Each structure stands twice: as structure tokens, then as C-alpha cells.
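S.K.: Any chance you can model this:
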Amino acid sequence: MDPALLTLLRCPVTQQSLRLITAAEAVNLGLEAKPVLLREDASVYYIFEDHGFPLVLPGTGKPVPGR
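M.R.: Numbers count the residues shown, from 1 in each chain. This next block holds a predicted model:
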């Protein structure tokens, strides 16, 4: 993902910044082994669609297990 685009993406609910985490980091958080966008407070994540674009819309964020 283009770093310039990543700086523009925000959580649609809280406006917190999002960061791209690796598949290994995702597994450490108890998520599937694939890259995701993690919200700044690390309580919600957003997945990438099959076409490679993140789905960042209200209601599409998923809670990080145990947070």
C-alpha cells in the first residue's frame, strides 16, 4: 500500500489513524494471518478485500479479540 495513501486513511467512526500491520503481527493479536489495517487504539481492525483495497466504511471494522 502506498505510504502516502495510508497517512490519509482514518477510522470512519473515530477518525483515529490506521496503520498497516503484517500477517505476523495480526497472528500475535489473534487475527487471521494476513495484513490488516489496525486502528490507533488497537481495538478495531479493517480487512482488505479480495481485490486488494481496504474496506474502511462505518460498520465494517471488527473488534480485536480480547480488547
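S.K.: On the three-state scheme, the closest residue to Tyr46 other than its chain neighbours is what?
M.R.: Using Cβ to Cβ, 6 or more residues apart in numbering and skipping the chain neighbours, the partner closest in space to Tyr46 is Leu37 (4.3 Å). The C-beta positions use only the backbone N, C-alpha and C, and glycine is treated the same way. Three-state call for Leu37 (DSSP: H, G, I helix; E, B strand; the rest coil): strand.
S.K.: Which residues does Leu37 form beta bridges with?
M.R.: Beta-bridge pairing for Leu37 (DSSP bridges): Leu20, Tyr46.
S.K.: host element of Thr7?
M.R.: helix 3-8 (DSSP states H and E).
S.K.: so what does that helix touch, helix or strand wise?
M.R.: Identification of packing neighbours for helix 3-8 by 3 or more Cβ pairs under 8 Å, 6 or more residues apart in numbering; DSSP states H and E yields strand 18-21.
S.K.: The same query, at a cut-off of 7 Å, please.
M.R.: Based on contacts counted as 3 or more Cβ pairs under 7 Å, 6 or more residues apart in numbering; DSSP states H and E, there is no element that helix 3-8 packs against.
S.K.: can you list contacts of it?
M.R.: By Cβ atoms under 7 Å, 6 or more residues apart in numbering, the list of residues contacting helix 3-8 from outside reads Leu20.
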